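*Asks:* Build the 3D model from these lines:
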Amino acid sequence: MIYKITFSCEEGEDFRRVFEADSEATFLDLHKAILESVKYPDDQMTSFFMCNDRWEKEQEVTLVPMDSNFEYDNMVMEDTRLSDLIEEQGQRLIYIFDPMFERYFFGSVKEIKSGTMTGVKCIEKSGKAPKQLHTEEPLEGMVGKDGRADWESDEDFYGDSQYDEGDIDMEGYQDLSFEDGSMF
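*Replies:* Presented below is the predicted three-dimensional model:
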């Protein structure tokens, strides 16, 4: 059997990749074909999930062996043939390409036809793939034009530009000693 599987992505309306795959090909073959079609390096802990009609994750197929979920078996891409999990046209799956931020491609089995081929081939490409890894700048919006973080400003650091150390009630702090190491 030959599967025709289409992948799309929420991050790009025009992004689409269509693959033809022999039913005896593995999920690892599909994984490699996807990476090649979008020019991503093979350096992430990607995985596939078979999904129900509401895109809810069900069976996971991981790149490397992982601890097993009690509900589903631990399936590894290299050892799992597409025919092990793909049973019908319209079946849904997702491919997680950015595991840190759980970004993925939505896949759908568009056609199942008789015949054989070797492996998996991308037969149609359209649109630009999103960047593989989401880069979130941890200080974005927190750094001023002078390059200093908002909290580094001398003014208003303590909520009042007229801060005076004498305002702190030191009672109760005199007994604290860090010299004997008892605090840690």
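
*Asks:* what does the longest helix belonging to the chain contact?
*Replies:* The longest helix of the chain (DSSP state H) is helix 27-38. Outside helix 27-38, the residues that touch it by C-beta atoms under 8 Å, 6 or more residues apart in numbering are 5, 7, 17, 19, 21, 40-42, 46, 48, 61, 63, 75, 77-78, 80-82, 95, 97, 105, 119-122, 125, 129, 132. No exception for glycine: its C-beta is placed from N, CA and C like everyone else's.

*Asks:* and if we set it to 7 Å?
*Replies:* Residues from elsewhere that reach helix 27-38, judged by C-beta atoms under 7 Å, 6 or more residues apart in numbering: 7, 17, 19, 21, 42, 46, 48, 61, 77-78, 80, 82, 95, 119-122, 125, 129.

*Asks:* Give the ChimeraX command for selecting the buried subset of these.
*Replies:* Burial among the contacts of helix 27-38 is assessed by 16 or more other C-beta atoms under 10 Å; the matching ChimeraX selection reads:
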select :7,17,19,21,46,48,61,77,80,82,95,120,121,129
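
*Asks:* Out of the contacts of helix 27-38, which sit inside strands?
*Replies:* 7, 17, 19, 21, 48, 61, 95, 120-122, 125 (DSSP state E).

*Asks:* Please tabulate those in TSV, including the columns pLDDT and distance to residue 111.
*Replies:* Formatted as TSV, the ones in strands among the contacts of helix 27-38 follow (pLDDT from 0 to 100; distance: C-beta to C-beta, whole Å):
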residue	pLDDT	distance to residue 111
7	96	14
17	96	15
19	97	11
21	97	11
48	96	19
61	95	21
95	95	18
120	97	15
121	97	14
122	97	15
125	94	18
